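A.B. asks: need coordinates for the following:
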Amino acid sequence: MRNRKSVMASADMPELPPSAFAKEDRGDDLDFYAEPRLVTHIDETAIAALTGFYRQVLPAGGVVLDLMSSWVSHLPEDVAYAEVIGHGMNAEELAANPRLTRRFVQDLNRDPVLPLADASLDAAMICVGIQYLERPAAVLREVARALKPGAPVVVSFSNRCFPTKAVAVWLALDDAGHARLVDLYLRRAGFDEVRVEPLVPGGASDPLIAVVGRKG
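C.D. replies: Residues are numbered from 1 along each chain as shown. Alright, predicted model coming up:
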């Protein structure tokens, strides 16, 4: 029997099959992430490319949301932000992140509603986490609600993941397919302007692609 989350996700994106957001591991996500993982999930070349991209896209002095964050945010060290709000699944990881000025733990697959005011953010980012969302359009609609008009969200991803926790449609696609899928997520969430930015082609390094959406 399909669960309620799968039904709601399918209603958001009828182009995808009913099993698109199924996972091999249906266990509690908070249990899975209970042990802190103080590691990086992309290599140094990909991190440098992402940091450089953040420098271009995220407004200095702004209020920034790092959704699905960890102990590192990959923000430029020499750029100051008014506030960096970190969300994640492990409080110890978030506490170890020196860039975060505010933190909260929340399972977005259970509750996609963000504890943030309307139009309170100047930018948002999701780094190598989009593949785990079971209701991505619902989460991204919340991001759009919290962003100011014209503000960007940067969704970046590589070819790494925890395969038992990634949704089925993600595992079935290659990098180009992932970019098209994230484009679909953002458009279904109400972002008017969406563009794909290949940052690292792969080969000797981890591939890295960013998809940027802007709220109208």
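
A.B. asks: show me what contacts the residue nearest the centre of the chain?
C.D. replies: Centroid-nearest residue in the chain: Ile126, 2.6 Å away (criterion: CA atoms, centre = their mean). Under the criterion of CB atoms under 8 Å, 6 or more residues apart in numbering, the contact partners of Ile126 comprise Leu67, Met68, Val153, Val154, Val155, Ser156. Where C-beta positions appear, they are placed from N, C-alpha and C, glycine not excepted.

A.B. asks: C-alpha coordinates for the helix or strand that contains it, PDB please?
C.D. replies: Counting by DSSP states H and E, the element that carries Ile126 is strand 123-127. As requested, C-alpha coordinates have been extracted for strand 123-127 and formatted as PDB (Å, rounded to 0.1, in the frame of the first residue of the first chain):
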ATOM      1  CA  ALA A 123      18.900  33.200  -0.200                       C
ATOM      2  CA  ALA A 124      18.800  29.500   0.500                       C
ATOM      3  CA  MET A 125      20.800  26.500  -0.400                       C
ATOM      4  CA  ILE A 126      20.600  22.700  -0.300                       C
ATOM      5  CA  CYS A 127      23.900  20.900  -0.800                       C
END
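
A.B. asks: quick one: distance of it to the chain centre.
C.D. replies: Computed by CA atoms, centre = their mean, to the nearest Å, the separation of strand 123-127 from the middle of its chain amounts to 6 Å.

A.B. asks: so after that strand, what's the next helix or strand?
C.D. replies: As the chain continues past strand 123-127, the following element, by DSSP H and E, is helix 136-146.

A.B. asks: and after that following helix, which helix or strand comes next?
C.D. replies: Towards the C-terminus, the helix or strand next in line after helix 136-146, according to DSSP H and E, is strand 152-157.

A.B. asks: shaky segments in the protein?
C.D. replies: For the chain, the stretches flagged by pLDDT under 70 are 1-10, 32-34, 36-41.

A.B. asks: and the helices in it, which stretches?
C.D. replies: 4-12, 29-32, 44-57, 91-95, 136-146, 168-171, 175-188 (DSSP state H).

A.B. asks: redo those as TSV? Include distance to Leu121 and mean neighbour count.
C.D. replies: What follows is the helices of the chain, written out as TSV (distance: least, CB to CB, whole Å; neighbours: other CB atoms under 10 Å):
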stretch	distance to Leu121	mean neighbour count
helix 4-12	22	16
helix 29-32	24	14
helix 44-57	14	17
helix 91-95	18	17
helix 136-146	5	23
helix 168-171	25	18
helix 175-188	15	18
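
A.B. asks: out of these, which comes closest to Asp107?
C.D. replies: For these, the distance to Asp107 is smallest for helix 29-32, at 5.3 Å, taking CB to CB.

A.B. asks: so what's the gap between the closest one and the chain middle?
C.D. replies: For helix 29-32, the separation from the chain centroid amounts to 17 Å (computed by CA atoms, centre = their mean).

A.B. asks: would you mind writing the CA trace of that helix as CSV?
C.D. replies: Output of helix 29-32 as CSV, limited to C-alpha atoms (Å, rounded to 0.1, in the frame of the first residue of the first chain):
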residue,chain,number,x,y,z
ASP,A,29,15.3,9.1,9.3
LEU,A,30,16.2,10.6,12.6
ASP,A,31,17.5,7.2,13.7
PHE,A,32,19.6,6.9,10.6
